[in-house]
Each structure stands twice: as structure tokens, then as C-alpha cells.
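In: Predicted model follows, preceded by the sequence.
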Amino acid sequence: MIKKWYNILVMSVALVQPVLGQNIQNNPGSNHGNKFEQLGTILPTPNEQRTASGAPGLRYWQQKADYDIKCELDENKQRLKGSETITYYNNSPDVLTYLWIQLDENQHNNIRNANYQNASKMPENTTGTQVDDMALGKADNGYGFNITKITDGEGKNLRYTINKTMMRIEVPALKSGSKFIFNIDWDYNIVDRIALGGRGGYEYFPKDGNYLFTMSQWYPRLCVYSDFQGWQNHQFTGRGEFALTFGDFKVQMTVPADHMVGSTGECQNYAQVLTPSQLSRFNKAKISSTPIEIVTLAEAKAAETKKSSAKKTWVFHAKDVRDFAWTSSRKYIWDAMNQPVEGKDVLCMSFYGKEAYNLYSKFSTRAVAHTVKTYSHFTIPYAYPVAQSIEAANGMEYPMICFNYGRTNEDGTYSETVKNGMIGVIIHEVGHNFFPMIINSDERQWSWMDEGLNTFVEYLTEELWDNKFPSKRGPAYAIVPYMKLPKDQLEPIMSNSENIVNFGPNAYAKPATGLNILRETIMGRELFDYAFKEYSRRWAFKHPTPADFFRTMEDASGEDLDWFWRGWFYSTDACDIALDEVKYAKADFPKPSQPVAGTIKIDKPLVNEDDIGKIRNREDKRIKFYTDQDLEARDFYWKYARGLVQIDSSKIKTKEIRLPLEEFSAEEKTKYGNKYFYELNFSNKGGLVMPIIVQFTFKDGTSVIDRIPAQIWRLNEQKTSKFYALDKEVANIKIDPFRETSDIDESNNTWGGAQAPSRFQLFKTKMNAAGRGQSDGVNPMQLEKKGK
């Protein structure tokens, strides 16, 4: 298993690791010297771009790409047509002769997609559509980008090559410090997102005959060229998300005149696209501490029945963003409120159809405001002027805008599951403004750096929304079912996004849980929070790598965490600490006069055999030893070492040795005689070293906790022990009583009668903790409304 696991690691760290081939174990075959060794050459060598402290270096650089885009939405044909002018700034020290562009829409094409296939088997039953999809030699389905023209700033054609979801444009030698302006004209058919899946597209509502468009990955956009990787031009397969370059955007969208548009950035022409009443409400919402409807439910319902054939153009500007997304529909209700964040106002908004009204009108914008405020507390102040939540039966994030789910039943009621799921997804997707929209990691390679970190802060934010909120990812006990899986169903967190079997637990839950364990159990909140904020501050509007995160967390906290990164992020080991044995004793008081038989030991000469150095020194006649030159430096032991002294063994006698003890006083005997001594012996059955949290419950009903740091395992990673002198007799002992280390087997955590929960009891506990237990068919709101 070690060899198999190491191969996965090598594959996953290739992007940031210049020297490969060393075994992850430092001292294989031993019970120590492995799990606590430094990561060393597993991490990349620090340099002038990225320092050993985890901070950007003196010569850190990154590229920039500005976009000026004009597009038009054809609702009847579900088609988008656009043209864009891109200004690319080469801030690298390198000369570039080509640029790589991402064509993500090609993933919807059945011929020009990335063509990453998974194994498949003959099903027991299937549908005609699925059979059609399996056919070989299919005709082009008509989706994906149609590139009509690419020219430079002077209108001259540029050569380009499309490779699946990537396009290479050949450019004149672009020197360091220079910029290049070029133009791309394109169009494509918008996909039915509900039928075909994906992050962007349209949803059709047959009951009212309207469309809701979510426009994401909708324009050709630059790949990242970085100091640690060069071009990040790995194909878009639909899973591993995005690596993107910061820039400024000016975007004009021409849409049906009765549509409402929500977008990345700030609208520049609300006065031209809104009615006077809507504009007045918008201005009130900008200073309101509670949501105000800009487009009301009644207005949205009326718009659904009157489909305008006229058009309007909305204009949005956005600065320092890595991407741009928007939405358009006549179905939208729109509300907004102001949320102050450390001296700046953030306009929090929501767009949603009537199908979500009873949920979104009450919770969505408030959840947006709570998220930007709470994330700002744990990371950096929110840097953008707007944050939006769009109800689109989806869950996807972009700068200043995200698409979420949460619709009510037809009678307007909703289950607790739907409500909490909606709040959770809004917090998660709005939170992505911080990771990776501002702290701009490479999602294509390291999903955990945005999903995991974001899920962790989502957990903190959910906990501050409601103390009873049923958070699914973050608590240590919640990851246990995943950690218990067979090894062939697991891979290290440090794995490429495309190669993960259980993507949700690996990229979201396990990293978030690990950070929560660091915060609550290993580092403590004060140290962790300071270091986490420092990482966020250092890498805001930059491109961090895993090493930058690991190093900053250690540098800013003064904690050596290499053992934790090695175990939690680079391995598939689980925590299973067993309490194997408990020894118990009371004090005995031997008398000082008690004799012990013994003998006198005669020391042997310290040097009784030659080594090669001594032999050669002796044979070299040029060397004069000091004790040969000054005979006064010779003594008894000079002669003894050479066998020149005879020892009379008849003088060696056996004698009694008395222990150097004093008599205990009566007070001391009472004090120590009433102590209870325990030796606890532990074994590491899961392989993952973790702190040992011991709860003693005494016979008088009181209890005490001892938190043993993980470093107790450093000299023996398989077994360890600890001796205790306690003032009370112990009734029982429990390891990890608050379930904070993700221990996968609680049956070996107790001694003295404390029983682990039965499977049935655990199930009930989980149900209660998750806030479930109600049906989505008939929910309590429906019962109350019907008067039952």
C-alpha cells in the first residue's frame, strides 16, 4: 500500500515540486522518524517569487488581462453572440510567442470536449437517449464555441489552433513589461442546463413559457501563466474548475427589454434600464439595513405574461476580478440591502423567481450580508462593492455573483431540509468570493485550496448564523464514514481534481475538517485565526500554491505542523487511537534502612581496542604524542590502558547498599498514600498521528480532561503511554470524548464501563445533529397551514 499511495502523491505534487523520487517515509521499517519529519523536498524550493515563510517574494509577478466585451442574447434561439477586445499584460520575465485561451463551452460539444472518459459497464436497463449517447461516430451536436475571427489591434488576422477546450493564439514576440491587444468574435448555442447539466445555460419553465439564463464560462478567456507552472492549459473536463487571470472588465449585454440582469461588477446605466419606481427603490435599498424589493413579486408575475420584442443594453464594469458572469430573465424578483464591512458599504442583492419567493425573500439577501461580514472577520475585508445570490436551481460561484438553489412547494411551504440547504449553499457560494475569487488559487489542479478552505469558513459562518444549524462539513465526527472507507476508495487531499473518486469528501469535507481540528484541537483559536488571516492577507489578489498556505500557517503561528500536513493532506491514514491497557496502583512506602545486596563494579579501560586512525598515527614516525614527550602527563590510567598495571581481584568484596531514602512524614504519607496512580497505554491503529484527548470520570461523578499533544507519538508512532498521579479514584476513561479527532473506531476508546454508542444510537445522534427527520413530502409548515 505504501508504494501505491506514494505513486498517487508523486502525480499530485508534480506541479509544485521540483525534485521527485524520494520516498514519503524518512525512516521506513522503523516505529519512528517518519510521521514527524519535515516535508523537506516534498515542497518546492523557496525563491525570489515565493519565500520560505510562505509570503510572496520580492520579485513576485503575475499577468493581467483586461476585457471589453459586447454580446447579444437571442432568447428565441437560445443563442449568444459576442465580440471582445483583450489587452494582455506580460509582467513575467519571459518572452511569450503564444497565448492560451480557455474555451470552456466546448465541453458541451460531443466531439470537441476534453474526452476524459470513465469506465462503463453494460447496464441492466437503460433509456433510448442513453443508448443514443453511446453511439460511435455521432454527428456534431452543435454546442461549443464557434470562433469567427481573431485579429490583432490593427485588424490583422492571427493564427490560432483549437485543441478541445483550449485555444493557442500565436502572437508577435511579447517581451517582458509589454502588452498585446487582440480581438475575438464568437457565438454559440446555449445549452439546456437542466437537461444536459453543466454550470451555465438556460432553464425553461413550461408553465409560464419563460427562460432563465445563467451565463458562466460564456466568453473566451485567458489561461494563467505563472512563475511555478508556466501555462495552466490543462483541459476542462467539467470537474476541475478554473485558473484565471485578474483584470478589469467592461461588458455590454443586449437582452430582451423586459429582462432583469444581475452581473459581476456595478451597473453603469440603471437610469436607462429601470423604471423610475425601480430606480427609486434601488437607491433606498443601497442604504437600507433590511432587504427592499426593487422588482416586486407582482411586477415579476406581470412580466412573465408579456414578452417584449424590444431590446435593452445593460452596461457593467468590474475591477480586479478573475472572471465575469451574469444572469438574465423576466421572471426575476430583485431585492437588496446594505451591509457595512469595516467602514465600507457592500450592496447585498438577490434575484429569484416566484417559485422561490417564500424562501429567498426572507433569507437570501440576509444570508449574503451575513456571509460577507463573517468571512471578512475571519479573512480579509470584502474587497468588492456588490455580492449577489441568484436562485437558479444550481450551486456555482463567480466574482460578486453566484447561482444557488432553494424553491418552495407549490403551496409556498418548504421543508427544513430545503431551507437549511439553501442557506448553506448561499453561504458557500457567496463565500467563494474570498476563495478563490480574491485569494486566487488554481482550482484546476488543487480543488481543496478553494473548496476546502471555503467549506471551512462556511462552517464557521453557519455556526454563527444559528447555533443549531445542521452543518454537514466541518465537525470532526462527520468525516468518519469517509475515513473508514477501504484504501482503494481513497486518495490524498493532495491529488489532482480529475483523479479523485469521492470528490465531495476529499476536496470539500476532509480539508475543512482538518482546518477545524487545527483550530479547535491542535493550535487553538487565537493562533489559528491569526495565521489564517495572515495567509488571506498575503495572498489576496495573487496566486497561492499549497506550499504558500502550509508555510504561512506555520510561519505566522510558531507551530511546526509538518506532521499534520503530512498525515492529513498527503496520506490516506485515518485516526484510530486505541486505549489498550490501564494499569492501576497505590503508593507503598519502603523503609530507608532496608538493605539491598550488591557488588562493586570495576571499570574497564575506556579504550581497549585500536581503530585505523590510532594504528596509522602510531605507525607514522613523524608523529610525537604529547604523553611521550612529557612523561609527567602519564598517570595510573596511562599504564592501566596499556595493561601495565595488575589488579588484585581478591580485594573485590560484596557489600550491602542502602537506598538513599528518608522517612516520609505522616503528613506526606497521607498526601501521597491517597494518590491513585494510572498508566495508560495507547496504540495508533489507524496510522494518523493525532492529539490524544483523555477524559477521566471519577467515582464521585466529577470529570477532568487531559489534552496530550500529537508530539507524544514522535519517538514511537505506533505505541505510547502516559503515567498519571490523580487525587481521586477513576470510574472510567474515555478517549476523544467530544469526537474532535475523527477517530474511526470508538469501540476501543473506553475503559472502566463507559460504552461507545451502539450503531442504532449513533444513527439517532446523527439524525438529531443534522436537523433531519422530516419528510420532503408533507412538512410541518404544510401541517400548520392546513390546521392539522
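Out: Thanks, I have it. Numbering: from 1, shown residues only.

In: Which residues does stretch 337-352 contact?
Out: With contact meaning CB atoms under 8 Å, 6 or more residues apart in numbering, stretch 337-352 is reached by 260, 262, 285-292, 327, 329, 332-336, 360-361, 364-366, 368-369, 372-373, 376, 381-382, 384-391. Where you see a C-beta, it was placed from the backbone N, CA and C, and this is true even at glycine.

In: Make a PyMOL selection of whichever of those residues turn out to be buried.
Out: With 16 or more other CB atoms under 10 Å as the burial test, the buried ones among the contacts of stretch 337-352 are selected in PyMOL as follows:
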select buried, resi 260+262+285+291+292+327+329+332+333+334+335+336+360+361+364+365+366+368+369+372+373+376+381+382+384+386+387+388+389+390+391
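
In: The contacts of stretch 337-352 in strands, which ones?
Out: Cross-referencing those against strands under DSSP state E gives 260, 262, 292, 327, 329, 333-336, 386-391.

In: Let me know how buried the residue lying closest to residue 469 once chain neighbours are set aside is, in neighbour terms.
Out: Leaving aside its sequence neighbours, residue 469 sits nearest to residue 462 (CB to CB, 6 or more residues apart in numbering; 4.6 Å). Neighbourhood size, residue 462 [other CB atoms under 10 Å]: 24.

In: ok, residue 462 - contacts?
Out: Applying CB under 8 Å, 6+ apart, the residues contacting residue 462 are 423, 424, 427, 469, 471, 474.

In: Low-confidence ranges, this protein, go.
Out: Residues of the chain that meet the criterion pLDDT under 70 lie in 1-24, 129, 592-609, 650-661, 753-788.

In: residue closest to the middle of it?
Out: With distances taken as CA atoms, centre = their mean, residue 452 lies nearest the centre of the chain, 2.0 Å away.

In: returning to that earlier point: for the ones in strands among the contacts of stretch 337-352, which one is nearest residue 155?
Out: Proximity of these to residue 155 (CB to CB) peaks at residue 327, which lies at 33.2 Å.

In: Spit out the contact partners of the closest one.
Out: Taking CB under 8 Å, 6+ apart, we find residue 327 in contact with 212, 213, 214, 215, 261, 262, 263, 351, 390, 392, 401, 403.

In: want to throw these into TSV with distance to residue 77?
Out: As requested, the contacts of residue 327 are exported to TSV (distance: CB to CB, whole Å):
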residue	distance to residue 77
212	16
213	12
214	17
215	15
261	19
262	22
263	22
351	23
390	23
392	21
401	25
403	22
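
In: and those residues, which are buried?
Out: So, by 16+ other CB under 10 Å, the buried ones in the contacts of residue 327 are 212, 213, 214, 215, 261, 262, 263, 351, 390, 392, 401, 403.

In: Would you agree residue 168 is in contact with residue 102?
Out: No: when contacts are counted by CB atoms under 8 Å, residue 168 is not listed as touching residue 102 (11.3 Å).

In: neighbour count winner among those two?
Out: Neighbour totals were compared for residue 168 and residue 102, and residue 102 leads with 24 against 17 (other CB under 10 Å).

In: any idea how far that one lies from residue 230?
Out: 15 Å (CB to CB, to the nearest Å).

In: how about the strands in the stretch 551-700 of the chain?
Out: Residue ranges of the strands in the stretch 551-700 of the chain, as given by DSSP state E, counting those that start in this stretch, are 577-585, 595-599, 654-658, 676-684, 692-698.

In: Could you measure from residue 304 over to residue 372?
Out: Per CB to CB, residue 304 is found 31 Å from residue 372.

In: I figured residue 102 hits residue 219, correct?
Out: No: with contact defined as CB under 8 Å, residue 102 does not count as touching residue 219 (9.5 Å).

In: what's the most buried one of the strands of the stretch 551-700 of the chain?
Out: The highest mean neighbour count among the strands of the stretch 551-700 of the chain, using mean count of other CB atoms under 10 Å, belongs to strand 692-698: a mean of 20.

In: quick one on the thing from earlier: got a markdown table for the contacts of residue 462, with distance to residue 676 too?
Out: Shown next, in a markdown table, are these (distance: CB to CB, whole Å):
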| residue | distance to residue 676 |
| --- | --- |
| 423 | 49 |
| 424 | 47 |
| 427 | 48 |
| 469 | 42 |
| 471 | 40 |
| 474 | 38 |
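
In: Go through those and flag which are in strands.
Out: Per DSSP E, the contacts of residue 462 never map to strands.
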